[in-house]
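Sequence first, then the predicted structure:
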Amino acid sequence: MSELFGAMTISSRGMQAQSTRIRVISENLANSQTAAPTPDENPYTRQKIIFKNVLDRELGQKTVQVGKIYQDTKKPYPIKYMPDHPGADQNGYVKMPNVDSLIETMDMREAQRSYEANLGMIEQSRSMILQTIDLLRR
């Protein structure tokens, strides 16, 4: 029975990690059209998340946690012609965030499916625990 509780714990940690990933992706999407406020400043920078394996000594199993959330400075900022914007340079171009909405949407879908898979595992474990309790009552 403790294996079932362990499976639920591992899945809940996975859900927490995917929940954080969904939050980071949501921030990226919300700021995907936020231009640089002045010509000298950079616009919103895409955030990325790294997961890490952590040994849970109580369970004796590895679980997942958010290792780090960092800014993706490798991808360049696209520029857009907006001469009336306060962040436009002398040529009328404004730096836009380095966020690709299509990539963020696909990452969101993957994170959602991972979250749902972990939730399904918790539901299965719960069902098995309830069936075990019913067998023990008889």
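That came through, no problem. Residues are numbered from 1 along each chain as shown.

Quickly note the distance from residue 27 to residue 130.
Distance of residue 27 to residue 130, computed by CB to CB, to the nearest Å: 38 Å. The C-beta positions use only the backbone N, C-alpha and C, and glycine is treated the same way.

The helix or strand residue 9 falls within: how far from the chain's middle?
Here residue 9 is covered by helix 2-30, with elements defined by DSSP states H and E. Here the centre of helix 2-30 is set off from its chain's centre by 9 Å, with CA atoms, centre = their mean, to the nearest Å.

try stretch 59-78
On CA atoms, centre = their mean, the centre of stretch 59-78 falls 9 Å from the chain's centre.

what helices or strands is the helix holding residue 9 leaning on?
If you count contacts as 3 or more CB pairs under 8 Å, 6 or more residues apart in numbering; DSSP states H and E, helix 2-30 packs onto strand 47-56, strand 61-71, helix 101-137.

Sounds good, over and out.
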